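Colleague: can't give you the sequence, but here's the structure:
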């Protein structure tokens, strides 16, 4: 918005984030295996992100208490190689959407480290909306819009950099926080305001009427 105003100070703007249907999440039960887990959902082609998550979990203090579950799409060959090199990581693919929601809701924490790159700073993953809707804890990095929405220890656990040291540190802060479920509730409340399907109904009407 500020960049647009610099070009045309009279332009009308509205800030809207991606949205998802929170009612779809409310009607699904939690996935309840006989272990606790932290989870990432994404593409195996984001190898830098996947590697950071795997290595951070391995370097963290939570690895004995929380398994790492990855829901991955993409090259079967690359997924198989990852599984062979990290046999303790639980990897799933091709989950129906309702089962994916169940896995989100069953996770103790959901991981989404964004990189300090133009590509990641300029985008806002719809997955953030889904993570918040699940009521699980969000663990992320401080880049892009994440810096403005999430505060470490309040409504997420936020690493200061896209490095194993920083991200494993965020995992450790989550593991040591006895109120981490409240942190998840705070991210859920944020999502209700910013990411729910009807979050911008009134605001959009007012914006259109003002044009």
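Modeller: Perfect, thanks for sending it. These figures come from a predicted structure and were not determined experimentally.
Colleague: And the helices in the protein?
Modeller: 2-7, 22-26, 47-59, 76-85, 97-106, 118-121, 126-133, 146-149, 164-176, 180-194, 201-210 (DSSP state H).
Colleague: mind listing what's buried in the second one?
Modeller: Read it as helix 22-26. 22, 25 (16 or more other CB atoms under 10 Å). The way it works is simple: take the backbone N, C-alpha and C, and place the C-beta from them, glycine included.
Colleague: Any regions of this structure where pLDDT drops low?
Modeller: Applying pLDDT under 70 to the chain flags the ranges 1-5.
Colleague: quick one, what contacts the closest residue to residue 210 other than its chain neighbours?
Modeller: Excluding the flanking residues, the one nearest residue 210 by CB to CB, 6 or more residues apart in numbering is residue 12, at 6.5 Å. Listed by CB atoms under 8 Å, 6 or more residues apart in numbering, the contact partners of residue 12 are 207, 210, 211.
Colleague: Please report how far residue 12 lies from residue 209.
Modeller: 11 Å (CB to CB, to the nearest Å).
Colleague: can you count the residues close to residue 43?
Modeller: The local packing of residue 43 (other CB atoms under 10 Å) involves 13 other residues.
Colleague: What count of nearby residues applies to the residue lying closest to residue 78 once chain neighbours are set aside?
Modeller: Closest residue to residue 78 apart from its sequence neighbours, by CB to CB, 6+ apart: residue 44 at 4.6 Å. Number of residues near residue 44 (other CB under 10 Å) recorded here: 21.
Colleague: cool, and residue 99?
Modeller: For residue 99, using other CB under 10 Å, the count is 14.
Colleague: residue contacts, it?
Modeller: residue 31.
Colleague: Tell me how far it lies from residue 196.
Modeller: Taking CB to CB, one finds residue 99 at 22 Å from residue 196.
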